[in-house]
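A.B. asks: Okay, here's the prediction I keep looking at, along with the sequence it came from:
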Amino acid sequence: MTTVGNSKPGILSVTNARKLNPAPIRRKAAPRLRYALTVGLFLLPSALPLLFFTIVPMVSAFWISLNQWNLVGPMKWVGLDNYARLVTDPGTQGAFLHTVYYIVGYLPLVYSGGLAIALALNTRIKGRSMLRGLYFLPVVTSWIVVALVWRWLLNPSTGIVNWLLGLIGIAGPGWWTDPAWSMPAIILASAWKDLGFVMVILLAGLQAIPEELYEAATVDGAGPWRRLFSITLPMLSPSTFFVIVLSLINGFQVFDQVYAMTGGGPNNSSQVVVQQIYDLTFRYGKAGEASALSWLLFLFILVITLIQVRGQKKWVNYA
Amino acid sequence: MNKKPLAALGIALAAILATTGCGSAGSPEASSNEKVTIRYSNFTSNGGNEKNLDTIVQAFQKANPNITVQVTTLPYKDYATALQTDLAAGTQADTFDIEYANLRSYVSNGAVAPLEGVDSSKYKQSLLQSYQSDGKQYALPSSFSDVVLYYNKALFDAAKVAYPTSSWTWADETAAAKKITDSAAGVFGDFQNVSFYEFYKALAQTGGKFLNDDGKSVAFNSPQGIKAAEWLAGKSGTTMPTPAQGAGTPDFDTKLFKDGKLGMLHSGIWVASSFADSPKNWDIVVEPGDTQKASAEFSNAIAIAANSKNKAAAQKWAEYMTSSDVMAQTRISAGWELPATSDESFLKPYLAKDKPANRKAIFDALDHVALTPVIGDNQQKMVDIITNALGEVEAKRSTASDALKGAADQINALLK
């Protein structure tokens, strides 16, 4: 006897006991089945890509991570060896450290920059719409183009940035040729590109704050700084939370700009986790280790995100 | 009424199966009269020789009207990655270029098909043999090349320095490079990549060895290794542009030479065809050595994919592309590497051509060859470790002895 979609088996069995004719049950179950199928059909366009391009690859990656595989020959079962090797590998530890370095530098920069622009463009200044569009332009530009442009701007000997620094008497650093400056160079370019995105999210948040709150605060004698810290920032916290979660996840997956600007160099100083996954797979023929590293990265992001979702209760204001 | 969603689901599923290609049947081996298309993926024609490759393809198709060759040309930099990905997905071309250093891993992974019935008398034996394994031929050598020293005569004249000769040593090269370098005018004396491929050769030139004889550990961490690393890295910023000035970016060095702003360039003979009359007056010479001469020799070969559905046609093309007269003549007249054929009469017109005048150097260089060290699956990792270490010496962030010691430890770990 089928009880598809019926959450009350007790009632069903009573019905069953009383009536031999199953017709009423079918009449009850049929709309449910139809409902489930209809819902399923509408979900299909997004569920199928999710299945084929996310779930299936993730499961296969886990299988590959338990093997030694150079992409060409047959796989060789090694169990958890790949994971054990990665955890103790200085190269992998370095990649995680550089990724964290990237996030620590990038996040405050892009958030404070995006907030400043959002606040400025939330006032009634001239050409506001055009400025909003301009700031958003880098967001929709290809990373390869942006990375090449920044490589030129930050060229240690012929770049405009070091030339400008020279005008005010500062000897510009080696940027992408110097291990100490390669990551700051990537952070700078990334923050510049993503500024517009953060601005748009925060701008939407700002416009949802009721004007009356500011009026009441002004009447009570609150100055501009007081209004910023006591009204704007707390009211903006849901948007801030969204920006932080998204930026953290994207930050851990940073790749395009690194690949195009430094390729992880010089001397691995900007080697990040995803670049390491790429190198392991396509340069060194170690797809097993690369898959294991992908899973480690996934678990890492999962834990960080869970901590954030837990922590948000303390500071995010959904009033 | 309630059948509609089910029907829609069925259609959706059918569409998915169709687009993902489930259930499609593979085409059987084509008979000799059937028209077939085979694919050829290469890097050797990239950067100036695409037209010459097309000439050979056209001639082949004329002689074999049933076979169409579809060519894909990739830059050398991206070729290995693309091939690796294609092999993993099973979408590789029927025939593709391979390098000697990669043969071993492709054979052991069963990616390339053994070739039978090849007329071995048409090939230069030493090259043919280097693509054999367990008595089987796995690829056919298409061309060989070596690295020589290009020099711009006008810059030598202007600096009042005598032209390089085959008896030059590192000391002569350094002295000339210093005189030619004129940073105010943007003129540099010398250019040699600070990389693995130059390092193992420089090491041989100063009498050192890269690997120990048993191949189980490295030997470059030696006084000779330090000397070779310092020789390469020391040029940067004195007689040679630094990475910040553009060194290391694709085509930077050849462009500098073409613009007449580079006195000497260490590069392969494959760039010769792109120089022609810019700079106006240039020639080549065997690279200077230190305690002895050593030149890098490279060869390329064409292999057939183990899963190719048209192996017979593919082999026909591979043989044509590696041993036909049309191929040899096209390569010679264009100065596009050298055909790996046994018939050396082709070389006569090559030697008689006027630019560069000293073509003999290309063959003289082959008298003392430094072979690429090969370690198998970790080859690329080894190349990266050495290039990284040299980069640290070049940027003066590390001494040559520290950098080589670090590199030696890492590579020894790979060899275990």
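C.D. replies: Yep, it's here. Numbering: from 1, shown residues only, chains lettered A, B, ... in the order given.

A.B. asks: Check which helices and strands the host helix or strand of A:Leu296 is in contact with.
C.D. replies: Using DSSP states H and E, A:Leu296 falls within helix A:287-315. Taking 3 or more Cβ pairs under 8 Å, 6 or more residues apart in numbering or on different chains; DSSP states H and E as contact, the helices and strands that helix A:287-315 lies on are helix A:56-65, helix A:81-88, helix A:233-252, helix A:273-278. To be clear about C-beta, it is placed using only N, CA and C from the backbone, and glycine gets the same treatment.

A.B. asks: what's the spacing between it and its chain's center?
C.D. replies: Computed by Cα atoms, centre = their mean, to the nearest Å, the chain-centroid distance of helix A:287-315 equals 11 Å.

A.B. asks: Name the residues of that helix that are buried.
C.D. replies: A:287-297, A:301, A:304, A:312 (16 or more other Cβ atoms under 10 Å in any protein chain shown).

A.B. asks: That helix vs helix A:56-65, what angle?
C.D. replies: 120 degrees (axes from the mean of the first three to the mean of the last three Cα atoms, to 10 degrees).

A.B. asks: can I assume B:Ser267 is in contact with B:Tyr150?
C.D. replies: Yes - between B:Ser267 and B:Tyr150 there is a contact under Cβ atoms under 8 Å: 6.1 Å.

A.B. asks: Between those two, which has more neighbouring residues?
C.D. replies: Taking other Cβ atoms under 10 Å in any protein chain shown, B:Ser267 and B:Tyr150 do not tie; B:Tyr150 has more neighbours (27 against 20).

A.B. asks: how close does that one get to B:Ser299?
C.D. replies: 21 Å (Cβ to Cβ, to the nearest Å).

A.B. asks: repeat for B:Gln315
C.D. replies: 19 Å.

A.B. asks: near chain B, which residues of chain A?
C.D. replies: Among all residues of chain A, those adjacent to chain B (criterion: Cβ under 8 Å from any Cβ of the partner chain) are A:30, A:34, A:37-38, A:40-41, A:44, A:48, A:52, A:70-74, A:155-158, A:174, A:177-179, A:265-268, A:282-285, A:287.

A.B. asks: burial of A:Ala191, as a residue count?
C.D. replies: Counted with other Cβ under 10 Å, A:Ala191 comes out at 20.

A.B. asks: ditto for B:Ser333
C.D. replies: 15.

A.B. asks: how about it, what does it touch?
C.D. replies: Contacts here follow Cβ atoms under 8 Å, 6 or more residues apart in numbering or on different chains; on that basis B:Ser333 touches B:Pro349.

A.B. asks: what helix or strand is it on?
C.D. replies: Going by DSSP H and E, B:Ser333 is part of helix B:325-334.

A.B. asks: For chain B, which residue occupies the most central location?
C.D. replies: Of all residues in chain B, the one closest to the mean position by Cα atoms, centre = their mean is B:Phe298, 6.3 Å from it.

A.B. asks: how much space between that one and B:Phe144?
C.D. replies: As judged by Cβ to Cβ, B:Phe298 and B:Phe144 stand 7 Å apart.

A.B. asks: Just give the nearest non-adjacent residue to B:Ala272, would you?
C.D. replies: B:Gly335 (5.3 Å; Cβ to Cβ, 6 or more residues apart in numbering or on different chains).

A.B. asks: Could you give the backbone dihedrals for the one you found?
C.D. replies: Per-residue torsions, B:Gly335: phi 70, psi 30 (degrees, to the nearest 10).

A.B. asks: That one is in contact with B:Asp354, isn't it?
C.D. replies: No - with contact defined as Cβ under 8 Å, B:Gly335 does not reach B:Asp354; the gap is 11.2 Å.

A.B. asks: more crowded one of these two?
C.D. replies: Set B:Gly335 next to B:Asp354 and count neighbours by other Cβ under 10 Å: B:Gly335 wins out with 24 against 6.

A.B. asks: State the distance from the more buried one to chain A.
C.D. replies: For B:Gly335, the distance to chain A equals 32 Å [Cβ to the nearest Cβ, to the nearest Å].

A.B. asks: Contact partners for that residue?
C.D. replies: By Cβ under 8 Å, 6+ apart, the neighbours of B:Gly335 are B:269, B:272-273, B:350, B:353.

A.B. asks: per-residue confidence at it?
C.D. replies: On the pLDDT scale, B:Gly335 is placed at 78.

A.B. asks: so, in contact with chain A or not, the helix or strand where B:Gly234 lies?
C.D. replies: Assigned by DSSP H and E, B:Gly234 belongs to helix B:223-235. No - applying Cβ under 8 Å from any Cβ, one finds helix B:223-235 separated from chain A by no less than 13.2 Å.

A.B. asks: Name the residues that touch that helix?
C.D. replies: Applying Cβ under 8 Å, 6+ apart, the contact partners of helix B:223-235 are B:170, B:177, B:190-192, B:194, B:198-199, B:202-203, B:205-209, B:219-220, B:290, B:389-390, B:393-394, B:400-401, B:403-404.

A.B. asks: Report all helices and strands that the helix or strand just after that helix contacts.
C.D. replies: Sequence-wise, the next helix or strand downstream of helix B:223-235 (DSSP H and E) is helix B:252-258. In terms of contacts (3+ Cβ pairs under 8 Å, 6+ apart), helix B:252-258 is packed against strand B:188-191, strand B:262-268, helix B:272-275.

A.B. asks: CA atoms of the last one as PDB?
C.D. replies: Pointing back at helix B:272-275 there. C-alpha atoms of helix B:272-275 as PDB (Å, rounded to 0.1, in the frame of the first residue of the first chain):
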ATOM      1  CA  ALA B 272      65.300  32.400 -36.800                       C
ATOM      2  CA  SER B 273      62.500  32.400 -39.400                       C
ATOM      3  CA  SER B 274      60.800  35.300 -37.700                       C
ATOM      4  CA  PHE B 275      63.800  37.600 -37.800                       C
END
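
A.B. asks: contacting residues around it?
C.D. replies: Here helix B:272-275 has contacts from B:47-49, B:150, B:254, B:257-258, B:282, B:284, B:334-336, B:355-356, using Cβ under 8 Å, 6+ apart.

A.B. asks: Buried ones from the residues you listed, can you make that a ChimeraX selection?
C.D. replies: Applying 16+ other Cβ under 10 Å to the contacts of helix B:272-275, the buried members can be selected in ChimeraX as follows:
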select /B:47,49,150,254,257,258,282,284,334,335,336,356
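
A.B. asks: Report the contact partners of A:Phe298.
C.D. replies: Each residue near A:Phe298 by Cβ under 8 Å, 6+ apart is listed here: A:Met58.

A.B. asks: same thing with B:Glu116?
C.D. replies: B:Glu116 neighbours (Cβ under 8 Å, 6+ apart): B:Gln137.

A.B. asks: which residue packs closest to A:Ala260, ignoring adjacent ones?
C.D. replies: That would be A:Ala147: by Cβ to Cβ, 6+ apart, it lies 3.4 Å from A:Ala260.

A.B. asks: That neighbour touches A:Met261, doesn't it?
C.D. replies: Yes - assessed by Cβ under 8 Å, A:Ala147 is found in contact with A:Met261 at 4.7 Å.

A.B. asks: quick one, which of those two is more surrounded?
C.D. replies: Each of A:Ala147 and A:Met261 has its neighbours counted (other Cβ under 10 Å); A:Met261 has more, 25 against 20.
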